[in-house]
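The following block contains a protein sequence and its predicted model.
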Amino acid sequence: MSSETFSLTPSTANPPQNSTILITGGASGIGLATAAYLHTPEYNNNIVVLDRAPNPPPIPDLTNSPRFLYLQCDITNWTSHLTAFSRAANHFHHLDHIFLNAGIAEQGEQLFTDHIDPTTKTLSEPNRSTLDIDLRALGDSLKLAIHHLRNDSHTHPSSSPGSGEGAGQGGTIVLTASLAGYLASAGAPLYSAAKHGVLGYLRALKSDCKKLGIALSAVAPGITLTSIVLGVKPGQTLQEWGEEMKARGVPVNEAEVVAWTVAYAMGLGLKGSGAGFLIQGGRVQEVEGLLARTRGQWMGEEMLRLFRGGRDAPLFPNKL
């Protein structure tokens with residue numbers, strides 16, 4: 001039993017309107033495409049972009065708009081992260097939807113290539129920046145997103161964790177996962193592990209977030225034409241590389257298709273809680289619900305029965 005695949009267009013994505021939307025990693029790629037689409041005048045959304053780039057993208061329709069705010073932010077630094085979310089909430093008085101999109105690709109080969117420290121002549125410490133940004137910092141972003149959606153009222157945003165009074169009206173949080181979070185990508189083990197972790201956050205938090213009026217969902221794009229793509233040859237444009245991959249049978253996404261899917265997830269509100277949208281070749285399929293419905297097939301009926309027998313036990317102290 002499979003869920004239906006579908007396509008989206010700018011006119012069918014049904015995005016939120018008259019809302020304030022914060023996007024991390026929004027200065028390029030999927031984040032920028034999402035910011036540009038959701039900023040469209042007919043939707044009348046306020047857009048906040050957080051990115052480590054020192055300057056906003058050179059798009060006058062965005063940067064000259066009173067409905068746009070750009071904040072340089074290092075999401076691996078808690079103070080920078082905390083300050084940016086607070087400034088965003090105070091600038092537009094509240095946050096309604098949050099797209100946690102910031103991430104990087106695999107940073108070289110870390111497990112099979114022996115890099116030697118020239119001073120100590122021993123193995124160099126691995127580069128863990130992919131895990132630091134794509135997973136550890138995402139956890140911090142989730143903390144801040146939940147805090148603001150839970151606590152900020154439309155008239156009085158909280159300025160720091162602990163100052164809110166639970167007066168928030170909820171909203172949506174969309175995570176950027178990846179096809180590599182479902183089917184691990186050989187040659188990108190840290191990236192694959194991080195994106196599996198993104199889905200772990202989704203599955204672990206969706207129920208408690210829903211109790212707070214927060215819909216947590218994820219988009220999981222396959223190969224998408226953004227600067228994160230590896231393998232583009234010198235002198236070759238990203239579009240040329242994309243056409244080459246398509247000719248070889250690789251299902252390639254345009255960043256705009258992912259942006260429309262993010263908007264669609266936000267527009268669903270609480271109906272989209274727990275959803276995971278796989279995107280390949282411009283086609284979209286919700287797969288988290290399918291995985292839940294078919295547990296007996298991939299988990300086995302005996303293991304499923306054992307799981308269900310103990311899942312309500314008070315094993316962890318941090319549930320709502």
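Okay, I see it.

where along the stretch 201-320 of the chain do the helices fall?
Ranges of helices in the stretch 201-320 of the chain, per DSSP state H, counting those that start in this stretch, are 238-247, 255-268, 288-293, 295-298, 301-310.

ugh, wrong one, the stretch 1-150 of the chain
Going by DSSP H, counting those that start in this stretch, the stretch 1-150 of the chain shows helices at 29-38, 60-63, 78-92, 129-131, 137-151.

now the ones you listed in JSON lines, with mean pLDDT?
Converted to JSON lines, the helices of the stretch 1-150 of the chain look like this (pLDDT from 0 to 100):
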{"stretch": "helix 29-38", "mean pLDDT": "96"}
{"stretch": "helix 60-63", "mean pLDDT": "89"}
{"stretch": "helix 78-92", "mean pLDDT": "97"}
{"stretch": "helix 129-131", "mean pLDDT": "96"}
{"stretch": "helix 137-151", "mean pLDDT": "97"}
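
Pipe those helices into CSV and attach distance to Leu111 per row.
Any C-beta I mention is one placed from the backbone N, CA and C, and that applies to glycine too. As requested, the helices of the stretch 1-150 of the chain are exported to CSV (distance: least, CB to CB, whole Å):
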stretch, distance to Leu111
helix 29-38, 26
helix 60-63, 40
helix 78-92, 29
helix 129-131, 12
helix 137-151, 22
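
Please identify the most buried of these.
Mean neighbour counts were compared across these using mean count of other CB atoms under 10 Å; the top stretch is helix 29-38, at a mean of 24.

where does the stretch 201-320 of the chain dip in pLDDT?
Scanning the stretch 201-320 of the chain with the threshold set as pLDDT under 70 gives 228-230, 236, 318-320.

Need the helices of the stretch 201-320 of the chain in a markdown table (columns: mean neighbour count).
Listed next are these as a markdown table, based on neighbours: other CB atoms under 10 Å:
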| stretch | mean neighbour count |
| --- | --- |
| helix 238-247 | 14 |
| helix 255-268 | 24 |
| helix 288-293 | 14 |
| helix 295-298 | 12 |
| helix 301-310 | 11 |
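
so which of the helices of the stretch 1-150 of the chain comes closest to Leu199?
With CB to CB as the criterion, Leu199 lies closest to helix 137-151 of the helices of the stretch 1-150 of the chain, at 11.4 Å.

Now do the contacts for Ser217.
Shown in contact with Ser217 (CB atoms under 8 Å, 6 or more residues apart in numbering): 172-175, 202, 206, 265, 268, 272-277.

again with Ala35
Ile23, Gly26, Ile47, Val49, Leu62, Phe68.

tell me, how many neighbours does the residue nearest to Ala88 when sequence neighbours are not counted end up with?
Ranked by CB to CB, 6 or more residues apart in numbering and with sequence neighbours excluded, the top spatial neighbour of Ala88 is Val48, at 4.2 Å. Neighbours of Val48 under the rule other CB atoms under 10 Å: 25.

Would you confirm that Val48 contacts Leu71?
Yes. Between Val48 and Leu71 there is a contact under CB atoms under 8 Å: 6.8 Å.

tell me, what's touching those two both at once?
Jointly contacting Val48 and Leu71 under the rule CB under 8 Å, 6+ apart are Ala88.

Next one: Leu69 from Asn90, what distance?
10 Å (CB to CB, to the nearest Å).

Sorry, slip of the keys, the one I care about is His148.
From His148 to Asn90 the distance is 10 Å (CB to CB).

try Leu38
Distance, Leu38 to Asn90, by CB to CB: 20 Å.

again with Ala186
Separation of Ala186 from Asn90 (CB to CB): 45 Å.

do the same with Ala218
Relative to Asn90, Ala218 is positioned 28 Å away (CB to CB).

Return the residues in contact with Gly296.
Contacts of Gly296 (CB under 8 Å, 6+ apart): Leu304.

I meant Phe277, not that one.
Neighbouring residues of Phe277 by CB under 8 Å, 6+ apart: Ser217, Ala218, Val219, Ala220, Thr261, Tyr264, Ala265, Val284, Gln285, Glu286, Val287.

list the contacts for the residue nearest to Ala88?
Contacts of Val48 by CB under 8 Å, 6+ apart are Thr20, Ile21, Leu22, Ile23, Phe68, Leu69, Tyr70, Leu71, Ala88, His91, Phe92, Leu95.

if we go to 10 Å?
Counting by CB atoms under 10 Å, 6 or more residues apart in numbering, Val48 touches 20-24, 26, 35, 67-71, 84-85, 87-89, 91-92, 95, 98.

what's the answer for Glu256, then?
Contacts for Glu256 (CB under 10 Å, 6+ apart) come out as Leu8, Thr9, Pro10, Ile30, Ala33, Thr34, Ala36, Tyr37, Thr224, Leu225, Gly282.

now Gln280
Thr5, Leu179, Ala220, Pro221, Gly222, Ile223, Thr224, Val250, Pro251, Val252, Asn253, Val257.

thinking again about what came up before, turn the helices of the stretch 201-320 of the chain into TSV, including distance to Glu106.
Converted to TSV, the helices of the stretch 201-320 of the chain look like this (distance: least, CB to CB, whole Å):
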stretch	distance to Glu106
helix 238-247	17
helix 255-268	19
helix 288-293	25
helix 295-298	27
helix 301-310	33
